[in-house]
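Return a 3D structure for these sequence lines:
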Amino acid sequence: MEQFIVSARKYRPTTFEDVVGQRAITKTLENAIANNHLAQALLFTGPRGVGKTTCARILAKKINEDDTQQTDEDFAFNIFELDAASNNSVDDIRNLTDQVRIPPQVGNYKVYIIDEVHMLSTAAFNAFLKTLEEPPKHAIFILATTEKHKIIPTILSRCQIFDFRRINVQDIKEHLAKIALSEGINAEDDALHIIAQKADGALRDALSTFDRVVSFSGKELTREAVTENLNVLDYNWFFQVTDLLLENNIPEVLLTYNTILSKGFDGQHFVMGLGSHFRDLLVCHNQETIPLLEVGEQVKAMYLEQSKKASKAFLIQGIDLTNTCDLNYKNSQNQRLLVELCLMQLASLTFEGQKKKYSASVKTQNRIVPPSYFESEAQQTKPSNTAKPTETAPTENKVEEPQSEPESEKSTTQETPVETNTPSSQPTQDEKPRDEKPSATPPSKKVNPRITASVPVSALSIKSIQERQKLKQEALAKQKQNRQLPTDSFTQDEMVAAWNAYAEIVEKQGKFNLLSHLTMNTPILKGETIHLEYPNQTIKKELEFEKTKLLQYLRKKLNNHKIDLDIVVNETVKKKYAYSPREKYEQLKKTNPLLDRLKDEFDLNL
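Below you'll find the predicted structure:
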């Protein structure tokens, strides 16, 4: 069986014309050789798989060529390749400098290619400095690295630096097409494009991926085979999901996402791909930006067709939502629900079809609110023009109306004043700023409190309707709380009875220390304030911790919400102690010592 040679070795360029995607560098090197203007120390830097070592080998062969050699001469005796990853000590560099002194036997130059030069130690770099700065006339050094920042500045200053760039997708795809043609492989344009994208600018990676996919699919290289082998989400999934989002088909969107997950794809990978899909659709809306669409011709036609269905506003909001989902994905405890919520929000953007399409988006407190949201609110709050100006609304109805409606507030100020106990000829001071407020601030600039809702929902969804109803209920509940609370009168005895009732509750809870403080002195009622005196600051602080619960109980018990508690420290107050039966017995025994003898005679127990 004939040994297989990978494409990266089989199709390695042998001339500068064959190098892909580095035309500026290869042209510079060719001119330098032709004009005898080549530096003796070169540094090739750039990402992996872009042709650094290949250009070094071509250069080493090119500078030794003349009319006397054969065309297939490789000058192997003149080219020395050193792997700095395994030869990074000072001794290795000393051996290299010793070899440099010997002139070449064939050709004009000895070329030393040091790959991964950033792996040399600092001592090895320092040992190499003098030779690199003043090498023999027959020696040329070519250093190659992927991490230029790790090379010490003294080495960089002695080299002529060539920065290799990543190879673009189009160049890689064209090179793969040539190889497929020479190998007799029928490859689809979209299939080669996916391989080129997956390579991320590295031609060697693209050739390795090409070999793998060809082993999987044989002589017919299709887009389906490439996406299956490389575990890449096919474009068709994103086209299908976008169509469902534009149709507001939330159930089918969730089922499609479940199918994608069942195939082993990551949710974040799907969200990122969907955001990129929206970006590509947005690019298709302008003829000048269509070249930014890096896809095959067949897929480009699909993008142009679907971009006609999706509006710019939908795509911009879609990119924002998918980007937010992508940023929050890693920190989410329920990642699947996060993506599904994003999909449901996307499906709600074009609810009710063409009638309610969003033309723009407004950023309000880290959420996007469509303009139609404000329009629908204004229509709901706009007062009727048929109302008679002489009608006066009852005071109770004005209390129950939400204070956040700007239009209703405006109509109220233009009608007859609400307060009936104020003479119309002498308006109160409270009415004056109320009349001046609408003139100072136009109704159109007032902030609608519904916009500040913390839940980002579409203005046309069921969730939005529920949110409006919830906000109205909260506004009514807040107004009810602001109504006047009961303030029934009560006597000292009623207050003491309620106080003792609370003390019994404390005793049942086992808080005997607090019970001692509550029963130490009798509270005194002065108006609606309860006064207490304690001998030290410690007791005051302990009672203040219980003050909120105590006042809540007393206000409810006595039906008066103006009750307050005033605790004063008076060190002259004598503390009343609650003695236990044992302590009482000890006091009695001090008064009458025979009490202890009586207890022993009759065998009594406490």
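
any idea of the mean pLDDT in the lengthiest helix in the chain?
Ranked by residue count and defined by DSSP state H, the top helix of the chain is helix 462-481. For helix 462-481, mean pLDDT is 75.

Show me what that helix is packed up against.
helix 395-400 (3 or more Cβ pairs under 8 Å, 6 or more residues apart in numbering; DSSP states H and E). The way it works is simple: take the backbone N, C-alpha and C, and place the C-beta from them, glycine included.

switch to 10 Å and redo it
When contacts are defined as 3 or more Cβ pairs under 10 Å, 6 or more residues apart in numbering; DSSP states H and E, helix 462-481 packs onto helix 371-381, helix 395-400.

any idea how far Asn328 is from Asn334?
11 Å (Cβ to Cβ, to the nearest Å).

Do you have the helices of the stretch 501-606 of the chain handy? List them.
Using DSSP state H, counting those that start in this stretch, the helices of the stretch 501-606 of the chain run over 512-518, 537-545, 547-558, 581-591, 594-601.

between those, which gets nearest to Leu176?
Between Leu176 and the helices of the stretch 501-606 of the chain, the tightest spacing by Cβ to Cβ is seen for helix 547-558, at 75.9 Å.

list the buried ones in that closest one?
550, 554-555, 557-558 (16 or more other Cβ atoms under 10 Å).

So what's the gap between stretch 598-606 and the chain middle?
Put simply, stretch 598-606 sits 80 Å off its chain's centre (Cα atoms, centre = their mean, to the nearest Å).

Please apply the same query to stretch 501-519.
52 Å.

Other residues contacting it?
499-500, 532, 534, 538-540, 542-543, 545-546, 549-550, 553-554, 557, 575-578 (Cβ atoms under 10 Å, 6 or more residues apart in numbering).

For the strand or helix carrying Asn323, which helices and strands make contact with it?
Secondary structure from DSSP states H and E places Asn323 in helix 312-328. Packing contacts for helix 312-328, counted by 3+ Cβ pairs under 10 Å, 6+ apart, involve helix 235-246, helix 267-283, helix 335-347, strand 368-369.

and these as a markdown table, adding distance to Leu315, mean pLDDT and mean neighbour count?
Formatted as a markdown table, those follow (distance: least, Cβ to Cβ, whole Å; pLDDT from 0 to 100; neighbours: other Cβ atoms under 10 Å):
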| stretch | distance to Leu315 | mean pLDDT | mean neighbour count |
| --- | --- | --- | --- |
| helix 235-246 | 9 | 89 | 19 |
| helix 267-283 | 4 | 90 | 20 |
| helix 335-347 | 10 | 92 | 19 |
| strand 368-369 | 13 | 42 | 21 |
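
Just the buried residues of stretch 513-532, please?
So, applying 16+ other Cβ under 10 Å, buried residues of stretch 513-532: 514-518, 520-521, 523, 525, 530, 532.

quick revisit: so can I have CSV of the helices and strands packed on helix 312-328 showing distance to Phe162?
Converted to CSV, the helices and strands packed on helix 312-328 look like this (distance: least, Cβ to Cβ, whole Å):
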stretch, distance to Phe162
helix 235-246, 37
helix 267-283, 33
helix 335-347, 45
strand 368-369, 47
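
nearest to Val100, of the ones you listed?
It's helix 267-283; of the helices and strands packed on helix 312-328, that one is closest to Val100 (Cβ to Cβ) at 50.9 Å.

Now do the next helix or strand after that closest one: distance to the chain's middle.
The helix or strand immediately downstream of helix 267-283 is helix 297-307, counting by DSSP H and E. How far helix 297-307 lies from its chain's middle: 30 Å, per Cα atoms, centre = their mean.

elements contacting helix 297-307?
By 3+ Cβ pairs under 10 Å, 6+ apart, helix 297-307 packs against helix 189-199, helix 235-246, helix 267-283.

Make CSV from the ones you listed and add distance to Ser182 to it.
Below are the helices and strands packed on helix 297-307 laid out as CSV (distance: least, Cβ to Cβ, whole Å):
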stretch, distance to Ser182
helix 189-199, 14
helix 235-246, 28
helix 267-283, 32
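
how about the ones you listed, which one is nearest Ala56?
helix 189-199 (21.4 Å).

What residues of that closest one count as buried?
Quick answer for helix 189-199 (16+ other Cβ under 10 Å): 190-199.

Can you pick out the most distant pair from those?
Among the buried residues of helix 189-199, Asp190 and Ala199 lie farthest apart (Cβ to Cβ), at 15.2 Å.

re earlier: neighbour count winner among Asn334 and Asn328?
Using other Cβ atoms under 10 Å, the more surrounded residue of Asn334 and Asn328 is Asn328, with 12 against 9.

surely the more buried one meets Thr322?
No: using Cβ atoms under 10 Å, Asn328 is not in contact with Thr322, being 11.0 Å away.
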